[in-house]
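Novice: Got a predicted structure here, sequence first:
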Amino acid sequence: MPGIIVQSAVLGPKKENPKTSISELYHENSKLHPSIPTEMIAAGNYTQTEILAMARGYKRYRLAPQIKLTEKESLLPSDRKFDEVVDSRRSVRSFNNDEELSLNELSKLLYQSYGITGEMKRPDEGSIPLRAAPSGGALYPAEIYLGIRHVSGVEPGIYHYNVPDHALELLFPGDPTEKLYNVCCQQEYTKEASVVFLISGVLQRTKRKYGERGYRYVFLDVGHLGQNIYLSCTALNLAVMTTCGFFDDEANKLLRIDGIDETTLYVAFVGKQKN
Ligand SMILES: Cc1cc2nc3c(=O)[nH]c(=O)nc-3n(C[C@H](O)[C@H](O)[C@H](O)COP(=O)(O)O)c2cc1C
């Protein structure tokens, strides 16, 4: 890929030539400092129309078959207290492969992770939808894809979470286990979890407003989303574990995303707890 520097060793510090650290170069070049004009820091010189358009940056696969998720109003509240959920949140490394997730559980998990929970009225016109996770500039750069293995009433396959419709979109039918196993560096959890979350970042959604520094915000946003998944799973008594152990380009190929404008950033395994 012309213009893109590829380091031969990607794991661990490169001791022999620390000055070429890409992360240090990037971090240094994406710092704010007082000599930068305030209007550039605020990055706020947009019209109402542009702001409203930016706030609706979610993907939809219009031709994909849709499965409606259960709306929040029809879901039972958790009987676990927030204090207890925070105290008991753990990465759980074993899943009950014999019991399916219910569609209600998945509905709640998606709603509490990244669903639309409110709106912000704009002074002149319209409103901006707000989500369960905070997001730099309310731009919501993440997209959630799901490798579904065992969810009641849902055929196995690779799905996308359509946020505004609160629905699953079937992208590729068929048992995804083997593909997920290979994408996730042959981790056995892919064969035990009911659902594998694959979260991508659409980088330009945030970078168009915040420039190179916006790249940091995308990861911060995905981290918030990841914690929501953890807390929601805990409240639902589900097992959850995240991993960075996935082959980036293989994950992108699986989701048919290009790895440049949109790229996989986060994987989480979710399933029923083992008794
Ligand atoms: C970015 C990230 C990547 C992780 N990758 C793995 C992983 O590949 N394998 C694993 O067993 N745990 C992984 N974990 C889970 C951590 O090991 C775990 O969060 C940590 O040990 C603290 O335990 P707790 O989550 O149960 O509180 C990851 C966590 C994060 C945030």
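Specialist: Great, that's in hand.

Novice: which residues sit against the helix or strand hosting residue 83?
Specialist: Counting by DSSP states H and E, the element that carries residue 83 is helix 82-88. Outside helix 82-88, the residues within contact range by Cβ atoms under 8 Å, 6 or more residues apart in numbering are 78, 231, 234, 235. Every residue, glycine included, has its C-beta placed from N, CA and C.

Novice: give me every residue that touches the residue of the stretch 101-250 of the chain found nearest the ligand.
Specialist: The ligand sits closest to residue 243 of the stretch 101-250 of the chain, with a gap of 3.5 Å, by Cβ to the nearest ligand atom. Residue 243 makes contacts with 184, 187, 189, 267, 268, 269, as judged by Cβ under 8 Å, 6+ apart.

Novice: Please identify the residues of the protein in proximity to the ligand?
Specialist: 90, 91, 93, 241, 242, 243, 244, 245 (Cβ under 6 Å from any ligand atom).

Novice: Out of the residues you listed, who's the most crowded?
Specialist: If you count neighbours using other Cβ atoms under 10 Å, the busiest of these is residue 241, which has 20 neighbours.

Novice: The strand ranked longest in the chain packs against which elements?
Specialist: In the chain, ranked by residue count with DSSP state E as the criterion, the top strand is strand 262-272. Judged by 3 or more Cβ pairs under 8 Å, 6 or more residues apart in numbering; DSSP states H and E, the packing partners of strand 262-272 are strand 195-202, helix 214-235, strand 238-243, helix 248-255.

Novice: and with 10 Å instead?
Specialist: helix 103-114, strand 142-148, helix 177-183, strand 195-202, helix 203-210, helix 214-235, strand 238-243, helix 248-255 (3 or more Cβ pairs under 10 Å, 6 or more residues apart in numbering; DSSP states H and E).

Novice: could you redo the ones you listed as a markdown table and give each row mean pLDDT?
Specialist: What follows is the helices and strands packed on strand 262-272, written out as a markdown table (pLDDT from 0 to 100):
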| stretch | mean pLDDT |
| --- | --- |
| helix 103-114 | 98 |
| strand 142-148 | 98 |
| helix 177-183 | 98 |
| strand 195-202 | 98 |
| helix 203-210 | 93 |
| helix 214-235 | 98 |
| strand 238-243 | 98 |
| helix 248-255 | 98 |
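
Novice: Could you save those as a markdown table and add columns showing distance to residue 50?
Specialist: Shown next, in a markdown table, are those (distance: least, Cβ to Cβ, whole Å):
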| stretch | distance to residue 50 |
| --- | --- |
| helix 103-114 | 23 |
| strand 142-148 | 21 |
| helix 177-183 | 36 |
| strand 195-202 | 17 |
| helix 203-210 | 9 |
| helix 214-235 | 15 |
| strand 238-243 | 34 |
| helix 248-255 | 28 |
